[in-house]
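**Q** can't give you the sequence, but here's the structure:
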């Protein structure tokens, strides 16, 4: 908890940062204040006002995204809004909020002319009470339940389903659907609640499961498990019954901050991809003690305390690795000592050296090591997390590489590191795709490719020697989730950076003249999975390319040209005579600025427009075509399908 | 009308919640005088005051606390020394 003097000082700095338009400072100070304040309500209000003053600069400089948010609700949430705005800003979302009426939630969800539809939100939060959705449940459960309880759960899930699917049919907004808090007590008492099959708590748990399953079945829709938060906080304190009954305030004032943080964290997972790399220090972080001083037998790791604190951390890293988060060891040590330690203490370590995709073990500056890693893995530093016990190293990284997330491992309390990592949303993921799981292998293959590149004479020889195969897949066949994930997280080779949602991608796939093509790439070293996507639509005689993007892992092998060629061939078959593409510059996509020009497109529109504005390009299909590079083997093009004897019905 | 009449802790909560400067907070200030002081802001204010002084108001009393002086009086009647 902050002292009053510290609190006032932070407020002073936040005010100054807002006045001087310094978003990075503002966010950092705000996080400290809001996490440690003894006066949460006025401070949340204060921070929300400061955010308002700096919102334009935040969007322009800090990669914070403005999100039109509609809240469908049946309870009072207004006093919570400042908390929600602040917590959302800390996760990178600037919420522009519109609230539905208490009694109008059905209308908001289903009426095509209703308030929600008119607002055209990008994010919809659905916050309903148990009594709105399954009002009969408490009474049905009171006498021990039976068939009627199951039917009510079924019917409640169906009502929710109709509303959510109805909304999805009209809107491509991301959705966060709040579950229900399991009641802390019923007339059966704790023993009855625990033992009677259809006690109210059991029934609400089942309802939550049903709603979660429902959310999984709808694109861009997540279940917000509010009961988990309430249980963590204490269900009895979660609600102030007095305020619920008098003002329909569903959360106690003391829990606002926890609630807002949970809601913001669930929402932000719909807009942001998880970080991809965890760089860990070794001494006093991956194991206890300093290897250089204590030797391989002296470091703490293994079943006994305090070694088991480190073992827990290693197991956590192993879990991250198993879903495709890359591990890198970044340590000031002698490499031979580290190899020896991993060999001699293998039985006491949950990780082996081969679990690390990359190792930077030397006496050099760690910021330099991280930059090299980013280049070798073709990943942005903003997808890195750095864990180190040395506050000086941590501060050096924060200063040199502000986009890296830094965690200071607590030297004297090694058992706290895991909870510190769990507090941060870095690795939150709504879905885990097959490509995530295979990623580690793919990055290892990348290192082998880099080796071959130095031995091949020319670029083309080198690329030919890789034996690259591109498979074009309709998005309906490629996992849609992966396509949307690519849209959300591809920054460098992304011509328009339109973060289309699953619903929008499906529209391209199914519309007349629409194209939604994913590309899967493999070569002799491995399968990179689905790494590229193009969305286009032919209207009249013109094909418009909405999005074309490629994961940075495979840039520079001609795959981007193949994808463009494929789009254009299909457009021609659909009767297009012209292809129009657009390049919308961002801070990160400079590398594809000349993509269209290099493929023979002609710039259309004013030449002298400012350099931040989108530029349009045209290609006349009657005059020629873009060819796919000779070193690529293509699969899944339409010709290929026809050649295989696909039946086409007219 | 002097500033001393509203204790600093209460003054600051009012200023933050109603988005006005602390100097504007006088005992006479009421819901009529501040445009932002609507029913939701009032609820927010009551929650902040309850949190600060560790008290709970009777929900029937809450709508009646429409000026700074009335809030101060209600706190004092709960035994809070301001």
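**A** That came through, no problem. These numbers come from a predicted model, not from an experiment.

**Q** For residue A:21, grab the count of nearby residues.
**A** A count of neighbours around residue A:21, defined by other Cβ atoms under 10 Å in any protein chain shown, yields 15. In this view, the C-beta of every residue, glycine as well, is placed from N, C-alpha and C.

**Q** Am I right that it is in contact with residue A:55?
**A** No - at 10.4 Å, residue A:21 and residue A:55 do not qualify as touching, with contact defined as Cβ atoms under 8 Å.

**Q** where are the low-confidence patches of the stretch 501-650 of chain A?
**A** Per-residue confidence of the stretch 501-650 of chain A (counting by pLDDT under 70) places the weak regions at A:606-610, A:637-650.

**Q** same thing with chain A?
**A** For chain A, the stretches with pLDDT under 70 are A:447-448, A:450-457, A:478, A:606-610, A:637-650.

**Q** do the same with chain B
**A** Within chain B, the segments meeting pLDDT under 70 span B:1-4.

**Q** Would you map the strands across it?
**A** The residue ranges that make up strands in chain B, judged by DSSP state E, are empty, as it has none.

**Q** Not counting its neighbours along the chain, what's nearest residue A:316?
**A** Leaving aside its chain neighbours, residue A:316 sits nearest to residue A:418 (5.7 Å; criterion: Cβ to Cβ, 6 or more residues apart in numbering or on different chains).

**Q** isn't that neighbour right next to residue A:313, touching?
**A** Yes - shown here, residue A:418 and residue A:313 form a contact pair, counting by Cβ under 8 Å, at 6.2 Å.

**Q** List the contacts of the closest residue to residue A:303 other than its chain neighbours.
**A** In space, and not counting its chain neighbours, residue A:303 is closest to residue A:311: 7.1 Å by Cβ to Cβ, 6+ apart. Residues in contact with residue A:311, defined by Cβ atoms under 8 Å, 6 or more residues apart in numbering or on different chains, are A:301-303, A:348-350.

**Q** Scan those residues and report the most crowded one.
**A** Using other Cβ under 10 Å as the neighbour test, these are led by residue A:301, with 24 neighbours.

**Q** ok, that residue to residue A:284 distance?
**A** In this structure, residue A:301 and residue A:284 are separated by 11 Å, where distance is defined by Cβ to Cβ, to the nearest Å.

**Q** what does residue A:154 give?
**A** Summarising the geometry, the distance separating residue A:154 from residue A:284, computed by Cβ to Cβ, is 54 Å.

**Q** Residue A:25 too?
**A** With distances defined as Cβ to Cβ, the gap from residue A:25 to residue A:284 amounts to 30 Å.

**Q** And for residue B:26?
**A** Relative to residue A:284, residue B:26 is positioned 57 Å away (criterion: Cβ to Cβ).

**Q** okay, those two: which has more neighbours?
**A** Set side by side, residue B:26 and residue A:284 give different neighbour counts by other Cβ under 10 Å, the larger being at residue A:284 (21 against 18).

**Q** what's the spacing between the lengthiest strand in chain A and its chain's center?
**A** In chain A, assigned by DSSP E, the strand with the most residues is strand A:526-539. Here strand A:526-539 shows a centroid-to-chain-centroid distance of 19 Å under the convention Cα atoms, centre = their mean, to the nearest Å.

**Q** and the stretch 101-250 of chain A, which residues reach chain B?
**A** When proximity is defined by Cβ under 8 Å from any Cβ of the partner chain, the stretch 101-250 of chain A lies next to chain B at A:242-243, A:245-247, A:249.

**Q** Cross those residues against helices and list the overlap.
**A** Counting by DSSP state H, these place A:242-243, A:245-247 in helices.

**Q** ok, those residues vs chain B, which is closest?
**A** For these, the closest approach to chain B (Cβ to the nearest Cβ) belongs to residue A:246, at 3.3 Å.

**Q** for the closest one, what are its contacts?
**A** With contact taken as Cβ under 8 Å, 6+ apart, residue A:246 is in contact with B:59, B:62.

**Q** what's the spacing between residue B:27 and residue B:72?
**A** Using Cβ to Cβ, one obtains 7 Å as the distance from residue B:27 to residue B:72.

**Q** Excluding covalently adjacent residues, which one is nearest to residue 48?
**A** With no chain named, the answer covers chain A. residue A:82 (3.9 Å).

**Q** That was the other one, I meant chain B.
**A** Closest residue to residue B:48 apart from its sequence neighbours, by Cβ to Cβ, 6+ apart: residue A:41 at 3.7 Å.

**Q** got a list of contacts for the helix or strand containing that neighbour?
**A** Assignment of secondary structure by DSSP states H and E places residue A:41 within helix A:40-61. Residues from elsewhere that reach helix A:40-61, judged by Cβ under 8 Å, 6+ apart: A:7, A:11, A:14-15, A:17-19, A:21, A:23-24, A:26-27, A:30, A:33-34, A:37, A:64-66, A:79, A:81-83, A:85-86, A:89, A:94, A:253-254, A:256-257, B:12-13, B:16-17, B:19, B:44, B:47-48, B:51.

**Q** Please flag which of the residues you listed sit within strands.
**A** Among those, the members falling in strands (DSSP E) are A:65-66, A:94.

**Q** Narrow those residues to those that are buried.
**A** Applying a neighbour-count criterion of 16 or more other Cβ atoms under 10 Å in any protein chain shown, the buried members of the ones in strands among the contacts of helix A:40-61 are A:65, A:94.

**Q** which one of the ones in strands among the contacts of helix A:40-61 is nearest residue A:364?
**A** Nearest to residue A:364 among those: residue A:65, at 35.8 Å, using Cβ to Cβ.

**Q** so how far is chain B from that closest one?
**A** Residue A:65 sits at a distance of 25 Å from chain B (criterion: Cβ to the nearest Cβ, to the nearest Å).

**Q** Any idea what that residue is bridged to?
**A** Legend: beta-bridge partners of residue A:65 under DSSP bridges are residue A:93.

**Q** Tell me who's in contact with it.
**A** By Cβ under 8 Å, 6+ apart, the neighbours of residue A:65 are A:59, A:92-94, A:271.

**Q** so which of these would you say is closest to chain B?
**A** Minimum separation from chain B among the contacts of residue A:65 (Cβ to the nearest Cβ) is found for residue A:94, which lies at 18.3 Å.

**Q** picking up where we left off before, include distance to residue A:445 when you put the ones in strands among the contacts of helix A:40-61 into JSON lines, please.
**A** Supplementary listing: these in JSON lines, determined by distance: Cβ to Cβ, whole Å:
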{"residue": "A:65", "distance to residue A:445": "33"}
{"residue": "A:66", "distance to residue A:445": "39"}
{"residue": "A:94", "distance to residue A:445": "39"}
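
**Q** want to try a markdown table for the contacts of residue A:65, with distance to residue A:443 as columns?
**A** Converted to a markdown table, those look like this (distance: Cβ to Cβ, whole Å):
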| residue | distance to residue A:443 |
| --- | --- |
| A:59 | 33 |
| A:92 | 26 |
| A:93 | 30 |
| A:94 | 34 |
| A:271 | 25 |
